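Engineer: Would you be able to build a 3D model of this:
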Amino acid sequence: MSRIDAEDRTATATFRRALQVSPGLREGLLVVAGLALLAAMGRVVVPIAVQITLDEGLQAAGEPRTGFVLTTVAVCAVAVMFTAWVTYRMNYRLYRSTEAGLSTLRVKAFRRVHDLSAPALSGERRGDLVARVTADVDQFSIFLQFGGMLLVSLCQLVVGSAVMFAYSWGLTLMVWAVFAPLLLASPPMQRRLSRHYGRVRARAGDMLAATGEAVVGIEVIRAYDAGDLIGRRIDTAVEEHRRAQSRAQRLVAITLSSGEVAAALAIGGVVSLGVVLGIQGHLTAGELVAFLFLVTLFIGPAQMSTEVLNELQNALAGWRRSLAVVDAPVDVADPGEAGVELERGPMEVRLEDVGYAYPDGPQVLHGVSAYIAPRTRVAVVGETGSGKSTFAKLLIRLADPSSGRVAVNGVPLTKVRFSSLRRRVVMVPQDGFLFDTTVGANIRYGRPGVSDDEVREALATLGLESWCQGLPQGLDTPVGQRGEALSAGERQLVALARAYLADPDLLVLDEATSAVDPATEQRLQRALENATRGRTAVSVAHRLSTARAADRVLVFDRGRIVQQGSHEELVASPGRYAELYAAWMSATTSGTGTS
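Structural biologist: The predicted structure follows:
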């Protein structure tokens, strides 16, 4: 279940919230409405011209008035050209304002994704989040491209009905009586469509998530010959989307066919009753022909309005999902201008009775208290699931404790500005994620704007200059999507260089050496030694060689710190660390581990 669920807002509430989020959508709405009214008035000129031409030009007493007919046609042509220009201006104005407004929604949704904590995002599928920020907004953008036609249609219904009433109130009431049941049935039908299209957009997100995962994990799929299994998962997602779409389209088909029946009844009724009124002298031939033109102008908008309203439900479903991202509560909030700006210099860290539970999950940290002195290198060890990585996330405030507090230099992290915290505290994650650009550009993410010489100087300090020179194009070597052109160890080297260039006061390393070969590990260990020298460093240690080189070791077990001290002290004392170290040494000696 997604943690960012779309609320079941009404259409009005969705529009109101969207206008609050994207005020640009309001821009020029009155002008667009005025142009739509002008366009609708221009479209009834032709039926009126037909009536005048027939009654006062061709059927005038004596011979037909050719000059009058030509003048009427010329005026009508000018009116048609003016209507086309007005329609163009209306659509252009509408597209410009709506795209500006929707781009604002995209940006806000994207930024809100980055405001959410790591635990909050852990329950979200990446593909579904991408769909909410892109495809779901695009769905409403597509609908808004028809917004001008909807406005013109509504105005055309009003203006056309007024002219029809002027010709024959009886025929007008008959036409409205035919379409009244369709209009009365529309609201409950739209509510059903809204629910169905909500499922369609959700299934579209599932399908994108499944296909995206299959593309990203293609190497694992091939390695384990899991193509059939993944294929079935994708087939299921595609089939679920097809079924949801089919159920929605079935309702659309019913609506459209109902409109066709109403249109046929309206035209048949106008022809039959109109001839009778004409025979009785209540309607001229020109008025009857003009009325038939007006009925087609009435039927078109009535049918199109139904179709556009169907598309609206699909668009609203997507918009609700996008707004749900924007409105998702931020559980790790930036104090902003009211926050504290951390002073540059040695950093101490203190945790006081910290507890943490993931959203809708069990408690993973229990009463954790620890003090990390400035310029101390601390290793965090423990079995998988003991709480090590959660502890690291709390240090850099990717999450906030459920209880207790984390403070740096005496200031609770909740009171530190993000801009200051991100400069002073940097993390090297376990996977060493890289962006699809060059090695040099990825390193510069640590401090944008630095020169190649400064990047090379940082690499030299870390002992990585020769490694970089050995790459095909040096700093200009492309890393590929997610850094796939480099090995896992090389990605970690780039990630470490990026963190070092940022020059933090607290460096947090989440199992930075857990997935590297022995040769790369030696290079990485030397780089880590240089990167952590003179600053506070916390390393979540997968291999106890990291703990052996640390000043202090924190031993986690089942979400608690059960031991802490130097490596020598802990090895000499019976306890969890001595057990872990003995098991690690045994694996290393037997050749199943690396030091």
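
Engineer: Now the element after the longest helix seen in the chain, going C-ward?
Structural biologist: In the chain, with assignment by DSSP state H, the single longest helix is helix 227-279. Going down the chain from helix 227-279, the next helix or strand is helix 285-326, by DSSP states H and E.

Engineer: Check the average confidence over that next one, would you?
Structural biologist: Average pLDDT, helix 285-326: 75.

Engineer: still on that earlier bit, helices or strands up against the longest helix of the chain?
Structural biologist: helix 169-216, helix 285-326 (3 or more Cβ pairs under 8 Å, 6 or more residues apart in numbering; DSSP states H and E). For glycine as for every other residue, the C-beta is placed from the backbone atoms N, C-alpha and C.

Engineer: so the shortest one versus helix 169-216, what angle?
Structural biologist: Read it as helix 285-326. Going by axes from the mean of the first three to the mean of the last three Cα atoms, to 10 degrees, helix 285-326 is angled at 30 degrees with respect to helix 169-216.

Engineer: Helix 285-326 relative to helix 227-279, how many degrees between them?
Structural biologist: Angle, helix 285-326 to helix 227-279, by the same axes, to 10 degrees: 150 degrees.

Engineer: now for helix 285-326, which elements pack on it?
Structural biologist: Counting by 3+ Cβ pairs under 8 Å, 6+ apart, the elements that helix 285-326 packs against turn out to be helix 11-21, helix 45-52, helix 66-115, helix 126-133, helix 135-145, helix 147-167, helix 169-216, helix 227-279.

Engineer: Kindly reformat the ones you listed as a markdown table containing mean pLDDT and mean neighbour count.
Structural biologist: What follows is the helices and strands packed on helix 285-326, written out as a markdown table (pLDDT from 0 to 100; neighbours: other Cβ atoms under 10 Å):
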| stretch | mean pLDDT | mean neighbour count |
| --- | --- | --- |
| helix 11-21 | 75 | 15 |
| helix 45-52 | 85 | 20 |
| helix 66-115 | 82 | 16 |
| helix 126-133 | 68 | 21 |
| helix 135-145 | 69 | 20 |
| helix 147-167 | 78 | 20 |
| helix 169-216 | 77 | 18 |
| helix 227-279 | 80 | 15 |
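
Engineer: Looking at those helices, spot the one closest to Lys393.
Structural biologist: Lys393 lies closest, by Cβ to Cβ, to one member of those: helix 66-115, at 15.3 Å.

Engineer: Leaving out sequence neighbours, find the closest residue to the spatially most central residue of the chain.
Structural biologist: For the chain, the residue sitting closest to the mean C-alpha position, by Cα atoms, centre = their mean, is Val133 at 2.1 Å. Excluding the flanking residues, the one nearest Val133 by Cβ to Cβ, 6 or more residues apart in numbering is Ala109, at 4.7 Å.

Engineer: Show residues contacting stretch 31-46.
Structural biologist: Residues outside stretch 31-46 that contact it (Cβ atoms under 8 Å, 6 or more residues apart in numbering): 76, 79-80, 82-83, 86-87, 89-90, 93-94, 97, 148, 151-152, 154-156, 158-160, 163, 293-294, 297.

Engineer: go with 7 Å
Structural biologist: 76, 79, 82-83, 86-87, 89-90, 93-94, 148, 151-152, 155-156, 159-160, 163, 293-294, 297 (Cβ atoms under 7 Å, 6 or more residues apart in numbering).

Engineer: what's the answer for stretch 383-398, then?
Structural biologist: With Cβ under 7 Å, 6+ apart as the criterion, stretch 383-398 contacts 117-118, 332, 349, 354, 356, 364-365, 368, 380, 382, 399, 401, 406, 413, 421, 425, 427, 508, 510, 538, 540, 556-559.

Engineer: quick one on the thing from earlier: quick check: the residue nearest to the centre of the chain vs Val326, distance?
Structural biologist: Using Cβ to Cβ, to the nearest Å, one obtains 10 Å as the distance from Val133 to Val326.
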